[in-house]
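> Quick one, what's the 3D model for this:
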Amino acid sequence: MKSSSAEPRLIIGITGASGAIYGVRLLQLLRETPVRTHLVLSPAALITLAQETRFKQADVEALADVVHPYNDIGAACASGSFRTLGMVVAPCSVKTLAEIATGVTPNLLSRAADVVLKERRRLVLMLRETPLHLGHIRNMAAVTEAGGVLYPPVPAFYTHPGSLEDMVDHTLGRMLDLFDIDPGVVRRWTGQRQRPAIL
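The predicted structure is shown next:
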């Protein structure tokens with residue numbers, strides 16, 4: 001366990017969108033860094049975790065340095081005076097996207113994201129939805145205009161991933177580049193490889 005006074009801090013939100021493994025694996029990767037994680041799980045996230053993974057709520061919470069209840073709007077990360085690097089929502093549902101885009105934040109997860117935006121810190125939303133209708137796109141634009149970053153977990157194939165785990169790690173590693181955090185899982189592009197001529 002990292003020291004309680006360790007800095008920097010990063011807020012991690014996990015919602016009920018498909019792709020719960022992104023949030024779980026993100027917490028695992030950050031345990032190997034000096035970053036202190038503050039976790040907020042939505043009730044729907046628990047349903048998705050049960051459907052998509054073998055992780056229980058207690059397993060996921062044990063990966064975080066601090067866990068905040070979803071409805072605790074008095075938590076430390078609900079205030080701008082609580083200093084953080086920012087926040088990642090992985091995965092991010094369109095419901096949470098809409099709350100953040102409109103500033104209607106009835107729970108700690110969307111409230112913490114709103115605080116990150118107002119304090120001009122980095123907010124990254126790993127939005128998991130497809131196809132998108134116009135309302136989704138307008139909410140994405142609103143968050144972007146407010147300073148947030150939309151980062152759909154789109155896999156890279158130039159790395160020739162050998163497993164689903166490779167794809168998840170590369171995506172999360174590239175996302176963490178936005179915070180200047182390098183967990184050492186990205187196979188970085190070094191230039192186009194020479195291909196044999198096609199006869």
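
> Going by C-alpha atoms from here, please, whenever you check contacts or count neighbours.
Noted.

> Identify each buried residue in the helix or strand hosting L97, please.
Using DSSP states H and E, L97 maps to helix 94-102. When neighbours are counted by 16 or more other CA atoms under 10 Å, the buried residues of helix 94-102 are found to be 94, 96-101.

> Nearest to A78 among those residues?
I100 (13.5 Å; CA to CA).

> residues in contact with that closest one?
Counting by CA atoms under 8 Å, 6 or more residues apart in numbering, I100 touches 110-111, 113-114, 143.

> mind listing which of these are in helices?
Among the contacts of I100, the ones falling in helices (DSSP state H) are 110-111, 113-114, 143.

> With just CA atoms, put stretch 50-62 into PDB.
Extracted as PDB, the C-alpha positions of stretch 50-62 are listed here (Å, rounded to 0.1, in the frame of the first residue of the first chain):
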ATOM      1  CA  ALA A  50     -20.500  -9.500 -12.700                       C
ATOM      2  CA  GLN A  51     -21.500 -10.100 -16.300                       C
ATOM      3  CA  GLU A  52     -18.200  -9.500 -18.000                       C
ATOM      4  CA  THR A  53     -15.500 -10.500 -15.500                       C
ATOM      5  CA  ARG A  54     -14.700 -12.700 -12.500                       C
ATOM      6  CA  PHE A  55     -14.000  -9.700 -10.300                       C
ATOM      7  CA  LYS A  56     -16.200  -9.000  -7.300                       C
ATOM      8  CA  GLN A  57     -16.800  -5.600  -5.900                       C
ATOM      9  CA  ALA A  58     -14.400  -6.200  -3.000                       C
ATOM     10  CA  ASP A  59     -11.700  -7.300  -5.500                       C
ATOM     11  CA  VAL A  60     -11.900  -4.100  -7.500                       C
ATOM     12  CA  GLU A  61     -12.100  -1.900  -4.400                       C
ATOM     13  CA  ALA A  62      -9.000  -3.600  -3.000                       C
END
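
> which residues touch that stretch?
Contacts of stretch 50-62 with the rest of the structure, by CA under 8 Å, 6+ apart, involve 18-21, 24, 39, 46, 49, 67.

> Could you look up the SS state of A90?
strand (DSSP: H, G, I helix; E, B strand; the rest coil).
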